[in-house]
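Colleague: quick one: sequence plus predicted model below, questions after.
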Amino acid sequence: MALKLAGETEFMTGKNAARARRAEIRSEYFRYLIPTIIGQVAHCCYCLADVFFVGLGVGKDGLAALNVALPIFTVYTTFSIMVGVGAATTISVCRGRGEEENVNRIFTMAVVTVLILGALLSVFGMLFLREIAYLFGATDLIVDHVVDYLAPISPFSFIYMLSSSMCVIVRSDGNPRLVMVAATTGNILNIVLDYVFVLPLNMGTFGAGLATIIGPVVTCLLLSLHFLRHYNQVHFTRRFFSPRLFVRMVRNGAGSGVLETSSGFVVLMFNLTLLRVSGETAVAIFSIISNIGYVGKGIFNGMAQAAQPIISISYGSGTYGRMKTVNRFAMLTALGFSLAVFGLIVLFPGQIITLFISSDAQIIAMGAPAVVLYFLSLPFTGLNTILMYYFQSTEHARITALIAVLRGIVLVYAALWIFSSLWGLTGVWLALFAAEALTFLAFYPVKLHLDARLSDGKIV
């Protein structure tokens, strides 16, 4: 009997310890998650503000122009996120392994790389802006609006890129609250200036673009406090370049870079297909839908990025149980959020469309069913985002890139081509759902196989 009681006591003690560890990991995840989500929501709100104020001040031609500009604008975010996430992941894994010299070299390489790429893109954008607008689908009716929107952004694209990269790196460096404050302040300023420039000052799409680029300047200034007030664990170093570390950084961030590129590709493919199947009214509807989707994507990225430092450090130090637990929290959070949002979309589709353009009955009638069909994809989008970052955070770069290419390019293109041929406009709205669902069904078993291979030999 004594032995039985002792065994029960040991079992309960172990069970309580496991619960305590899970609670501690959950608390650490939410320490990153809450400020990250707030910052992402603020960023997405300014994107919606662009749509809202341009819709009021310019009309549906302005909305169509914003949708054409979005994939061009995505080029800047592609490189900044690729470098930022790649650096943050590599830094965290190296820190878990105690390689502090490599941490500083990677950080310095990341900043230098972003500034050089940003300067090159700024020059290219200023020289060939109108040609680029036509290349990405602008028509003669809206090309001036596209050029006006991008004109103030292109010369300062390096600032936008630096802001995006540093938000990821500073968050991973243990200061998610400062990132939240910096990003939120910059984005709130964007929203206020959107209103002022587009409506009272009647500056049209140029005003929206000008507001868009002022915010990152403020964000960069606030992020500099991380270094000026010596909160940083990463430091600049003179002897920083290493071909091996540079390739590793880029490889680790390639999946996020491809995902950002594919976001622009998705918009471009949808625009071209909608023009062929229905016309410019459908493109204006998709402008609203894609910007709502951009908010969801940003929030899912926030959930994944909040888990990234914990997963990468745990992977580097070999504490695999901690890594798996954090990923599980992130996946459950993404699933719960996506189901709740989709429920609201099903209940209020027409009201969601009227938030952005209340005076066009045709857009409201076409947009209400479209928004429901398109966002059937939302739960799978959330799960795939967490899944992709899990592979990325554990330096499985090839799997990450494959997920990004399949869900963002190959499967979307195939679904648009097949579904639009079979079901016309309805098929177009269902294409993303098919691409995301197939991606999850293909790669979730791969994640389970990876988990099974990893054994935790250390105390979490």
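Modeller: Yep, that arrived.
Colleague: and the pLDDT at Val168?
Modeller: At Val168, the pLDDT value in this model is 88.
Colleague: could you count how many residues lie near it?
Modeller: Each residue near Val168 was counted by other CB atoms under 10 Å, and the total is 27. The way it works is simple: take the backbone N, C-alpha and C, and place the C-beta from them, glycine included.
Colleague: just Leu225 next, same as before
Modeller: Neighbour count for Leu225, taken as other CB under 10 Å: 16.
Colleague: from Thr237, how far off is it?
Modeller: As for Leu225, its distance to Thr237 is 21 Å (criterion: CB to CB, to the nearest Å).
Colleague: can you check Arg105 too?
Modeller: Arg105 sits 6 Å away from Thr237, going by CB to CB.
Colleague: again with Phe156
Modeller: Plainly put, Phe156 is 27 Å away from Thr237 if you go by CB to CB.
Colleague: returning to what we had before: between Arg105 and Thr237, who's got more neighbours?
Modeller: Set Arg105 next to Thr237 and count neighbours by other CB under 10 Å: Arg105 wins out with 24 against 14.
Colleague: most residues in a single helix of this protein, which one?
Modeller: helix 2-57 (DSSP state H).
Colleague: what's the average pLDDT for that helix?
Modeller: Rounded mean pLDDT across helix 2-57 is 72.
Colleague: now do that helix: distance to the chain's middle.
Modeller: 18 Å (CA atoms, centre = their mean, to the nearest Å).
Colleague: continuing past it, what's the next helix or strand?
Modeller: For helix 2-57, the succeeding helix or strand toward the C-terminus, using DSSP states H and E, is helix 60-96.
Colleague: heading C-terminal from that next one, find the next helix or strand.
Modeller: In N-to-C order, the element after helix 60-96 by DSSP H and E is helix 100-127.
Colleague: what does the next helix-or-strand element following that next one contact?
Modeller: Once helix 100-127 ends, the next helix or strand along the chain (criterion: DSSP H and E) is helix 129-135. For helix 129-135, contacts defined as CB atoms under 8 Å, 6 or more residues apart in numbering pick out 68-69, 72, 125, 143, 146-147, 150-151, 154.
Colleague: what mean pLDDT does the next helix or strand after helix 129-135 have?
Modeller: Counting by DSSP H and E, the next helix or strand C-terminal to helix 129-135 is helix 143-150. Taken as a whole, helix 143-150 carries a mean pLDDT of 84.
Colleague: after helix 143-150, which helix or strand is next?
Modeller: Counting by DSSP H and E, the element after helix 143-150 in chain order, helix or strand, is helix 157-172.
Colleague: now that following helix, how far from the centre of its chain.
Modeller: Offset of helix 157-172 from its chain centre (CA atoms, centre = their mean): 13 Å.
Colleague: please apply the same query to stretch 410-421.
Modeller: Using CA atoms, centre = their mean, the offset of stretch 410-421 from its chain centre is 23 Å.
Colleague: ok, and for it, which residues are buried?
Modeller: Neighbour counts over stretch 410-421 (16 or more other CB atoms under 10 Å) mark 411-413, 415-416, 419-420 as buried.
Colleague: give me the subset of those lying in helices.
Modeller: 411-413, 415-416, 419-420.
Colleague: how about CSV for those, with pLDDT added?
Modeller: Putting these into CSV (pLDDT from 0 to 100) gives the following:
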residue, pLDDT
Leu411, 95
Val412, 94
Tyr413, 93
Ala415, 96
Leu416, 95
Phe419, 96
Ser420, 95
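Colleague: which pair in those spans the largest distance?
Modeller: Taking CB to CB, the two most distant members of these are Leu411 and Ser420; they sit 14.3 Å apart.
Colleague: picking up where we left off before, as TSV, the contacts of helix 129-135 with neighbour count and distance to Phe300 would be great.
Modeller: Output for the contacts of helix 129-135, formatted as TSV (neighbours: other CB atoms under 10 Å; distance: CB to CB, whole Å):
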residue	neighbour count	distance to Phe300
Val68	25	25
Ala69	28	23
Ile72	24	23
Gly125	20	28
Val143	16	33
Val146	28	28
Val147	21	32
Leu150	26	26
Ala151	17	31
Ser154	24	28
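Colleague: closest to Phe337 among these?
Modeller: The closest of those, once distances to Phe337 are taken by CB to CB, is Ala69, at 28.2 Å.
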